[in-house]
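>>> Here is the input, now give the coordinates:
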Amino acid sequence: MTEIEKFGHFAFIRHSGISKYVEALEQGKLTATRCRKCGSVYFPPRKFCPKCLADDMEWIEYEQAGEGRLLSYSIIYLAVAGFDEKEFPAPVGVAQFPDGNRVYARIEGVAPDSLRVGMRVKLAPKALPDGRVTHVLQPA
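The predicted structure follows:
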């Protein structure tokens, strides 16, 4: 299985530069990229900087992973192809972090009826049963 195939249930093209991110997730770490030209930090990592269009990115530990706020969420009740029906209902959401990054991910560790916009969340790496890895949101 390639690094691209190991990352969650999402499809990425091989040129996305995600292999270092997958390797970090497999080690239980969350990494981001920082533009050496303008200093912008990106999570999930980017191969180039959308702000200044530079392609000189450095890999860093994502230090703000524990400081998010839930902006929006939804509960998915219908299992889709490729997912185990036991995983549903599945809360998913978008969280914003102090550096401005907004991250979409599955929400774990909290009952769906306890979710609230504005609640504190953190990012966490997760190993999936089939050998793939991803990141999830959890209550902070």
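>>> any idea how this structure splits into domains?
Per automatic domain parsing, the structural domains of the chain span 3-61, 68-139.
>>> next one: the last one to chain centre, how far?
Averaged C-alpha coordinates place domain 68-139 at 9 Å from its chain's average position (C-alpha atoms, centre = their mean, to the nearest Å).
>>> same check, this time on the first one
Average the C-alpha atoms of domain 3-61, do the same for its chain, and the two points are 11 Å apart (C-alpha atoms, centre = their mean).
>>> And the residue of the chain most remote from its centre, its phi and psi?
Relative to the mean C-alpha coordinate of the chain, counting by C-alpha atoms, centre = their mean, the farthest residue is Lys37 (24.1 Å). Lys37 has phi and psi values of phi -80, psi -50 when expressed as degrees, to the nearest 10.
>>> That one against Glu58, yeah?
No - taking contacts as C-beta atoms under 8 Å, Lys37 lies outside contact range of Glu58: 10.6 Å. Heads up, the C-betas are built off the backbone N, CA and C, glycines and all.
>>> which of the domains of the chain has the lowest average pLDDT?
Lowest mean pLDDT within the domains of the chain: domain 3-61, a mean of 81.
>>> Skip the chain neighbours and tell me the closest residue to Leu30.
Tyr62 (4.4 Å; C-beta to C-beta, 6 or more residues apart in numbering).
>>> what's near enough to touch that neighbour?
Leu30, Thr31, Ala32, Val41, Phe43, Leu123 (C-beta atoms under 8 Å, 6 or more residues apart in numbering).
>>> Please list only the buried members of the residues you listed.
Taking 16 or more other C-beta atoms under 10 Å as the criterion, what is buried in the contacts of Tyr62 is Leu30, Thr31, Ala32, Val41, Phe43, Leu123.
>>> Can you tell me which of those residues comes closest to Glu85?
Leu123 (26.0 Å; C-beta to C-beta).
>>> Could you give me the buried positions within the helix or strand that that closest one is a member of?
For Leu123, the host element (DSSP states H and E) is strand 120-127. Within strand 120-127, the residues that count as buried by 16+ other C-beta under 10 Å are Val121, Lys122, Leu123, Ala124, Pro125, Lys126.
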